[in-house]
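J.: what follows is a protein structure lacking sequence information:
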């Protein structure tokens, strides 16, 4: 398989299952049950096959296990400690990153890392963004500022390499890893779908993929693949895989090592090569490209509600901070935490893209996007009113708050209650 004189190489295959958190084509509860069962199938394969490892992404999927399969929690923690399962995403979930403000992205990391630290006693190392349709130039600053080691994504690679240093405008940088797809080695009669031993042609096809990776992944001795059979991928359909497959692979291609890995296995191997001077990574400063599906569908009601709620929440936080410092107002930390969780849940890709089905947005029986939007709107409005009232006291004066960090000089229209007129203005 290898070209003449080619150095031995190890391919790290990282299985993953890729659903959503808030729902895509079905309601929230059906989605979380389906995705959890997929993760449990992967966990079952870890139990029966000592060569199997996989990536577990998104904290809400761990919460689902705690609620619906608590008897498996000790097992999951054991597999994580054995480095056979890795919580691959330091962010609370894998969001759309193109519409929200920057604070929401930082909150996704802060609250995600905090949850894993409190509930699991660890901090995930990576930012798992394998489904985003474009990334802005401040992502390296956010990822490195949160103390994570790398960001994984697939679409719109701005370089010709599968790994590079992504540099933010402030000079901070993070390791960026690009595989082109999160479901490699899928398809009909493939490593993940065949119930029969792979035929000779299938082995040769994998060998060709590895040779192609040598040309764009810069590691001299290590390569990686994000692997599976599409969205909602299960472990290999053949129950004796991957152990049986790996034995046959080694017989056919003894100079090319293939192993099933967690993300950190590859990251550590690549950084080891870089530190030893065997591999040099290029630097890139700027945005990635953006795909047409960055906003997927024109659903202004969803997108505008999100942005309005962001501004409402920012205003409420500002007012509550001032009132707590100047008027003894009790800062409602739990209310704001709950509101940010609702906002982050509505950053789930298919919700904010507008690609989800109707029950994801509005449903009488399940927790959905409008429940979350309405909760943030009500709580931020009530908090802002209570905080402003604490600052100005009782009376007939009309009080207004500017949530921006600069003096407003632009005109604005104020609608007063019936019977109230304008008066002196103290700006």
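T.: Looks like it arrived, so ask away. Predicted, not measured: the structure shown is a model, and the values here were computed from it.

J.: and the next element down the chain from the worst-scoring helix or strand of the chain on mean pLDDT?
T.: Evaluated with mean pLDDT, DSSP states H and E, the helix-and-strand set of the chain has its lowest mean pLDDT in helix 349-353, which scores a mean of 91. Counting by DSSP states H and E, the element after helix 349-353 in chain order, helix or strand, is helix 358-361.

J.: and the helix or strand following that next one, what does it pack onto?
T.: Using DSSP H and E, the helix or strand that follows helix 358-361 in sequence is helix 369-392. The criterion is 3 or more CB pairs under 8 Å, 6 or more residues apart in numbering; DSSP states H and E, and the helices and strands that helix 369-392 contacts are helix 300-326, helix 333-345, helix 358-361. (Glycine included, C-beta is placed from N, CA and C.)

J.: tell me the centre residue of the protein?
T.: Residue closest to the average C-alpha location in the chain (CA atoms, centre = their mean): residue 94, at 2.1 Å.

J.: wait, that one touches residue 129, no?
T.: Yes: using CB atoms under 8 Å, residue 94 is in contact with residue 129, at 6.1 Å.

J.: quick one, what contacts residue 169?
T.: 137-138, 141, 285 (CB atoms under 8 Å, 6 or more residues apart in numbering).

J.: if I pick the residue nearest to the centre of the chain, what's in contact with it?
T.: 21, 57-58, 128-132, 348-349.

J.: rerun at 7 Å
T.: For residue 94, the residues meeting the contact criterion (CB atoms under 7 Å, 6 or more residues apart in numbering) are 57-58, 128-129, 131, 349.

J.: now do it against residue 350, distance only.
T.: With distances taken as CB to CB, to the nearest Å, residue 94 is found 11 Å from residue 350.

J.: one step back: can you list contacts of the least confident helix or strand of the chain?
T.: Residues outside helix 349-353 that contact it (CB under 7 Å, 6+ apart): 20, 22, 24, 94-96, 99, 131, 295-296, 306, 346, 356, 360, 369.

J.: same check on stretch 11-18?
T.: With CB under 7 Å, 6+ apart as the criterion, stretch 11-18 contacts 35, 38-39, 42, 54-55, 57, 130-131, 182, 210, 222-228, 231-235, 258-263, 265-266.

J.: likewise stretch 128-137?
T.: 18, 57, 88-89, 94, 97-98, 151-156, 168-169, 182, 226, 285-291, 293-294, 349.

J.: same check on stretch 175-189?
T.: Counting by CB under 7 Å, 6+ apart, the neighbours of stretch 175-189 from elsewhere in the structure are 16, 18, 130-131, 149-154, 157, 162-166, 191-193, 202, 206, 224-230, 233, 267.

J.: repeat for stretch 141-154
T.: Contact partners of stretch 141-154, identified using CB under 7 Å, 6+ apart, comprise 90, 105-106, 109, 113, 125-130, 132, 135, 139, 166, 168, 170, 172-182, 263, 267.

J.: quick one: terminal-to-terminal distance for it?
T.: The first residue of stretch 141-154 is 19 Å away from its last residue (CA to CA, to the nearest Å).

J.: what of stretch 41-56?
T.: Taking CA to CA, the span from the opening residue of stretch 41-56 to its closing residue is 12 Å.

J.: ranges for the helices of the stretch 51-200 of the chain?
T.: Along the stretch 51-200 of the chain, the segments classed as helices by DSSP state H, counting those that start in this stretch run 59-68, 73-81, 102-120, 139-145, 200-216.

J.: wait, which of the ones you listed is closest to residue 310?
T.: Smallest distance to residue 310 across the helices of the stretch 51-200 of the chain (CB to CB): 6.4 Å, for helix 102-120.

J.: take the contacts of residue 94 and lay them out in a markdown table including neighbour count.
T.: What follows is the contacts of residue 94, written out as a markdown table (neighbours: other CB atoms under 10 Å):
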| residue | neighbour count |
| --- | --- |
| 57 | 29 |
| 58 | 25 |
| 128 | 28 |
| 129 | 23 |
| 131 | 19 |
| 349 | 23 |
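
J.: ok so, going back, show the buried residues in the contacts of stretch 141-154.
T.: The neighbour-count criterion (16 or more other CB atoms under 10 Å) marks 90, 105-106, 109, 113, 125-130, 132, 135, 139, 166, 168, 173-179, 182, 263, 267 among the contacts of stretch 141-154 as buried.

J.: just the ones of those residues in strands?
T.: With strands taken from DSSP state E, the overlap with the buried ones among the contacts of stretch 141-154 comprises 126-128, 166, 173-178.

J.: domains of this structure?
T.: Domain assignment for the chain by automatic domain parsing gives 9-292, 295-392.

J.: JSON lines for those, including distance to residue 401?
T.: Below are the domains of the chain laid out as JSON lines (distance: least, CB to CB, whole Å):
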{"stretch": "domain 9-292", "distance to residue 401": "18"}
{"stretch": "domain 295-392", "distance to residue 401": "6"}
